[in-house]
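Visitor: build me a structure from this.
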Amino acid sequence: MIKQQLDQDIKTAMLSGDKRLVGVLRTIKSVILDKEVNSGARETGLDEAVVIDLLQKEQKKRLEAAKLYESANDSERADQEKYEAEMLVKYLPKQLTEEELVAVVKEVISEMDGPTMQQMGQVIGVVKSKVGPAGDGAVIAKLVKENLV
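Guide: Down below sits the predicted model:
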């Protein structure tokens, strides 16, 4: 589904003459294709969950690169990285807010009958399985740590 949407968006961007967007979308498509080839799934395609995970990693890379470029006072490259990260958001599931994640974390902690800090990894795993790709792993880990103390 994401691949088909990408193909359609590339065609639309090409017809409208938006070279910057075409470049970004082709880069995203090539990352997916590379993963398909490397995992031997070129004929069958990747599972949608794998594609989402891949796109989340790519978005994170671009946001980190933007921060590095900003710290090096290279605003042009930082803007390009931010733009690419924004384009990736279109293909990712809506992220839960921090408040929604706190509710899930508290629910999991209560279900586990008062886990300790040594069980933090288990709590994070359960929360991640409940929210899936709609929750950022770093935010989940932070919230679990705050709520276990």
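Visitor: tell me where this structure has helices.
Guide: 2-16, 19-38, 48-71, 75-89, 98-111, 120-131, 137-148 (DSSP state H).
Visitor: just send those back as a markdown table, with mean neighbour count and mean pLDDT too.
Guide: Where C-beta positions appear, they are placed from N, C-alpha and C, glycine not excepted. Below are those laid out as a markdown table (neighbours: other C-beta atoms under 10 Å; pLDDT from 0 to 100):
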| stretch | mean neighbour count | mean pLDDT |
| --- | --- | --- |
| helix 2-16 | 14 | 93 |
| helix 19-38 | 16 | 92 |
| helix 48-71 | 16 | 92 |
| helix 75-89 | 16 | 93 |
| helix 98-111 | 16 | 88 |
| helix 120-131 | 17 | 88 |
| helix 137-148 | 16 | 87 |
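Visitor: just want the most central residue of this structure.
Guide: Q56 (1.9 Å; C-alpha atoms, centre = their mean).
Visitor: Q59 is in contact with V89, correct?
Guide: Yes. Using C-beta atoms under 8 Å, V89 is in contact with Q59, at 6.9 Å.
Visitor: so how far is stretch 63-82 off the chain centroid?
Guide: For stretch 63-82, the gap between its own C-alpha mean and the chain's C-alpha mean amounts to 18 Å (C-alpha atoms, centre = their mean, to the nearest Å).
Visitor: fine by me, we can end here.
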